[in-house]
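K.L.:
okay, here's the prediction I keep looking at, along with the sequence it came from:
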Amino acid sequence: MMREAAESDERVCDAALARAFDFLGKRWSGVLLGTLLTGPAGFSELKRALSGISDSMLSERLSELRRAGLVERRVDEGPPVAVTYELTSAGLALLPALRELATWAMENLPA
């Protein structure tokens, strides 16, 4: 009986929080979303903003964010043809959380 009480008191991470960090914790995902918070951007512009990311990784992360419904890909037929990526309403809903994380990092993590 004592063992049952101890097992039921174990701490458990919130499942939604675990999913959020599993998704946003992938390398480049969070900073890519943060980069798009300032507005739509093309592939080359995003690549320049995210120093060190490869073309294939950027493409992969953009695809994942699109599948999750956080980023939308828009094609302007031009001429010239232009592709831009922008946050959806679900992506924009992350704005307060990302700003809070950035503030926390500035105040608590060494540069």
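P.N.:
Structure received.
K.L.:
point out where this structure drops to low pLDDT.
P.N.:
For the chain, applying pLDDT under 70 flags the ranges 1-9.
K.L.:
can you give me the strands for it?
P.N.:
Secondary structure of the chain (DSSP state E): strands at 41-42, 71-76, 82-87.
K.L.:
let's have the ones you listed in TSV, adding mean neighbour count and distance to residue 24.
P.N.:
C-beta coordinates here come from the backbone N, C-alpha and C atoms, glycine included. TSV is the format used below for the strands of the chain (neighbours: other Cβ atoms under 10 Å; distance: least, Cβ to Cβ, whole Å):
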stretch	mean neighbour count	distance to residue 24
strand 41-42	14	19
strand 71-76	14	13
strand 82-87	16	14
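K.L.:
middle-most residue in this structure, spatially?
P.N.:
residue 30 (3.3 Å; Cα atoms, centre = their mean).
K.L.:
residue 101 versus that one, what's the distance?
P.N.:
Look at residue 30 and residue 101: by Cβ to Cβ, to the nearest Å, they are 8 Å apart.
K.L.:
one more: residue 70?
P.N.:
16 Å.
K.L.:
which residues touch residue 103?
P.N.:
By Cβ atoms under 8 Å, 6 or more residues apart in numbering, the contact list for residue 103 is empty.
K.L.:
pull the number of nearby residues for residue 70.
P.N.:
22 (other Cβ atoms under 10 Å).
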